[in-house]
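K.L.:
Just to be clear, the model below is a prediction. Sequence and coordinates:
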Amino acid sequence: MASHYESEITKFLKDYKQKHPDAEQKQREGRARLWDRAQDPDLLEGFKQAKVPQRPYVYQND
């Protein structure tokens with residue numbers, strides 16, 4: 001591929017970032033709000049203990 005080639009998506013993203021300079025910061029804030037949270041070790045241990053083993057064939061009747 002030629003080194004001067006830019007896809008339509010790349011052009012769109014560059015144009016969008018120029019028009020919306022705060023977009024990346026908002027994206028980071030949204031990620032931090034939803035995903036980057038501290039985990040509660042006691043709660044995670046409770047989830048591990050409550051896990052039920054799955055049967056080899058889940059659709060088979062007992």
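P.N.:
All right, it came through fine.

K.L.:
Would you map the helices across the protein?
P.N.:
Assigned by DSSP state H, the helices in the chain fall at 8-19, 23-34, 41-50.

K.L.:
Dump those into TSV; add mean pLDDT, distance to Gln60 and mean neighbour count as well.
P.N.:
Every C-beta, even on glycine, is put in place using the N, C-alpha and C of the backbone. Below are those laid out as TSV (pLDDT from 0 to 100; distance: least, CB to CB, whole Å; neighbours: other CB atoms under 10 Å):
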stretch	mean pLDDT	distance to Gln60	mean neighbour count
helix 8-19	96	47	10
helix 23-34	92	38	10
helix 41-50	94	23	8
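
K.L.:
would TSV of those with distance to Tyr57 be doable?
P.N.:
Supplementary listing: those in TSV, determined by distance: least, CB to CB, whole Å:
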stretch	distance to Tyr57
helix 8-19	44
helix 23-34	36
helix 41-50	23
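
K.L.:
what about Arg55, how many residues close to it?
P.N.:
Around Arg55 there are 9 other residues, counting by other CB atoms under 10 Å.

K.L.:
Phi, psi for it please.
P.N.:
With angles defined as degrees, to the nearest 10, Arg55 shows backbone torsions of phi -70, psi 160.

K.L.:
Enumerate every residue touching the residue nearest the centre of the chain.
P.N.:
Centroid-nearest residue in the chain: Trp35, 7.3 Å away (criterion: CA atoms, centre = their mean). The neighbourhood of Trp35, defined by CB atoms under 8 Å, 6 or more residues apart in numbering, contains no residues.

K.L.:
any idea of the pLDDT on it?
P.N.:
Model confidence at Trp35, given as pLDDT, is 86.

K.L.:
circling back to that earlier point, so which of the helices of the chain comes closest to Asn61?
P.N.:
helix 41-50 (24.3 Å; CB to CB).

K.L.:
just checking, what packs against the closest one?
P.N.:
For helix 41-50, not one helix or strand is in contact under the criterion 3 or more CB pairs under 8 Å, 6 or more residues apart in numbering; DSSP states H and E.

K.L.:
Can you get me the centre-to-centre distance for it and its chain?
P.N.:
With CA atoms, centre = their mean, to the nearest Å as the basis, helix 41-50 stands 22 Å off its chain's centre.

K.L.:
Same check on stretch 51-62?
P.N.:
Mean C-alpha position of stretch 51-62 versus that of the full chain (CA atoms, centre = their mean) differs by 30 Å.
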